[in-house]
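Peer 1: Need coordinates for the below:
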Amino acid sequence: MHQRRPCGTRACLILLLLTAGFAFHPGAADTATLRLGEINPLTGRFAAHGAALHRGIQLAVEEANASGTLRVTLATRDDEARPDRAVAAAEELTTRLRVAALVGGYVDTLVGPISEVAERQKVPYVATASLDERLTQRGYRYFFRISHLRAYVDSMVGIVQEVFKPQSVAILFSATPGASQLARRQRERLEQARVQVPVFEMFTSGIADFTPLLARVRDSGAEVLIADTFFADHLVMVRQLRALEVNLKAFLGAFGMEFPEVVRDLGPSGQFLFGTTGWEPGTTEPGTEAASRAFVDGYRRRFGTQPPPLAMHGYVGARAILAAAERAASRGREVGPEDVRLGLQSLDLTTPLQRLQFDSRGEAKHYRRLIVQIQGSTRVVVYPPDRATGKPIYPMPPWDKR
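Peer 2: Numbering: from 1, shown residues only. Here you go, the predicted model:
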């Protein structure tokens, strides 16, 4: 269903209709139309993340078509986790297919280049997973995003200071813009609180051997390890921590720890690990309960499984664009990029994730991150206290007790 390179006109039309789950309604000819472009890493090292985002976007578009308020066509492109592919996809979607908006994106090495094309072509872009602080400091008028760095720093440093209360913390981080900035902000906040950071090391995501870095963590005596990296790296890192018998009081991962596959792939080694998430079923923000239940039910019906939390980012990114387009819609008219941009600027939308409003820089005003811990076969929200569904198990039991 997904095209890795530009397709012919007929093939693109088929792709659009199938991907959007296009629905025809009585009077459809009088319904406003929207052409939406999606760019995500559906293959490559971030494929698991991209697939979750894609399903959320797909569900939102199918719901809009089923409601009859808009006729939406969705063109999906795979950037293969490569910036050059991301740029090529953005250029094709904005110039040849002339979409009214772009959605998607995972990590800022991909989001950044897409945003530059979108700004140049004057097409609004809602990034679904972006942290780089520089991206909202450029004065761009067409860039919006669902997540931001401050929420990660507040939640991760918050649980370390208020719950773990260690004397020393090691930080290992991926060499992506968002992860690097996150690690620096964490170190600043921890050192201000007089928590030692004896290990602060960057690495390239996707490496196969973390043992030299983990040996440094062990030798430093750090009580807690913060790993500012992604799902696949966490799997490798945790297995090697166990092999080296590095017993920590807590392992806290930034991205991808909310995936159900962590429990499945790590088995007993995954128990008691901490990670961040933007949303969990049953732990919604006040006022979003009904929307959250509807999302879970719709996702289960469509895909036959429980939604991973990251799918919510894709869903909310698409819902933002669809809501903005609906405000500008009129009978039989095609919604354009400027319609969507103006709608996003004034948006005030209740979503399953959060109340969604964008500030003048395109940042989501109300975004928060939660901390979850794997306990048995479930992810238990343990921080912040006002959203917790259970208590953290800290310190983690040593490896030989799991």
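Peer 1: Tell me where this structure has helices.
Peer 2: Using DSSP state H, the helices found in the chain span residues 9-20, 47-67, 83-91, 108-121, 149-159, 177-192, 211-220, 231-243, 260-266, 289-303, 309-328, 337-345.
Peer 1: Please name every helix or strand in contact with the second one.
Peer 2: Put plainly, it is helix 47-67. helix 9-20, strand 33-40, strand 71-78, strand 101-106, strand 125-129, helix 231-243, helix 289-303, helix 309-328 (3 or more Cβ pairs under 8 Å, 6 or more residues apart in numbering; DSSP states H and E). (C-beta placed from N, C-alpha, C; glycine too.)
Peer 1: nearest to residue 92, of the ones you listed?
Peer 2: strand 71-78 (7.2 Å; Cβ to Cβ).
Peer 1: From residue 244, how far out is the residue nearest to residue 246 when sequence neighbours are not counted?
Peer 2: Setting aside the residues directly before and after it, residue 246 is nearest to residue 218 in space (Cβ to Cβ, 6 or more residues apart in numbering), at 4.5 Å. For residue 218, the distance to residue 244 equals 7 Å [Cβ to Cβ, to the nearest Å].
Peer 1: okay, these two: which has more neighbours?
Peer 2: Set side by side, residue 218 and residue 244 show more neighbours around residue 218, with 19 against 15, by other Cβ atoms under 10 Å.
Peer 1: right, so the helices of the chain: which one is the most enclosed?
Peer 2: With neighbours defined by mean count of other Cβ atoms under 10 Å, none of the helices of the chain is more surrounded on average than helix 309-328, at a mean of 26.
Peer 1: Quick one: list the elements packing against that one.
Peer 2: strand 33-40, helix 47-67, strand 101-106, strand 125-129, helix 289-303, helix 337-345, strand 349-350, strand 355-356.
Peer 1: Direction-wise, compare that helix with strand 71-78 and give the angle.
Peer 2: 140 degrees (axes from the mean of the first three to the mean of the last three Cα atoms, to 10 degrees).
Peer 1: Compile the helices and strands packed on helix 47-67 into a markdown table and extend it with columns for distance to residue 150.
Peer 2: As requested, the helices and strands packed on helix 47-67 are arranged in a markdown table below (distance: least, Cβ to Cβ, whole Å):
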| stretch | distance to residue 150 |
| --- | --- |
| helix 9-20 | 34 |
| strand 33-40 | 24 |
| strand 71-78 | 30 |
| strand 101-106 | 19 |
| strand 125-129 | 15 |
| helix 231-243 | 23 |
| helix 289-303 | 23 |
| helix 309-328 | 16 |
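Peer 1: out of the ones you listed, which comes closest to residue 119?
Peer 2: Shortest distance between residue 119 and the helices and strands packed on helix 47-67, using Cβ to Cβ, is found for strand 125-129: 7.9 Å.
Peer 1: how's the protein carved up into domains?
Peer 2: Following automatic domain parsing, the chain resolves into domains at 9-148+285-356, 150-281+369-401.
Peer 1: weakest of these by average pLDDT?
Peer 2: Note on these: domain 9-148+285-356 shows the lowest mean pLDDT, a mean of 90.
Peer 1: Please compute how far that one lies from its chain's middle.
Peer 2: Offset of domain 9-148+285-356 from its chain centre (Cα atoms, centre = their mean, to the nearest Å): 13 Å.
Peer 1: and if you look at stretch 246-259?
Peer 2: For stretch 246-259, the distance to the chain centre is 17 Å (Cα atoms, centre = their mean).
Peer 1: With only the CA atoms kept, save it in CSV.
Peer 2: The C-alpha trace of stretch 246-259 is given here as CSV (Å, rounded to 0.1, in the frame of the first residue of the first chain):
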residue,chain,number,x,y,z
VAL,A,246,25.0,-4.1,35.7
ASN,A,247,22.5,-3.8,38.5
LEU,A,248,20.9,-0.3,38.6
LYS,A,249,18.2,1.1,40.8
ALA,A,250,16.3,2.3,37.8
PHE,A,251,16.5,2.3,34.0
LEU,A,252,14.6,5.2,32.4
GLY,A,253,14.2,5.3,28.6
ALA,A,254,13.0,8.3,26.7
PHE,A,255,11.4,7.0,23.4
GLY,A,256,9.7,3.8,22.5
MET,A,257,9.5,2.2,26.0
GLU,A,258,5.7,2.4,25.8
PHE,A,259,5.6,-0.1,22.9
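Peer 1: Cheers, nothing more for now.
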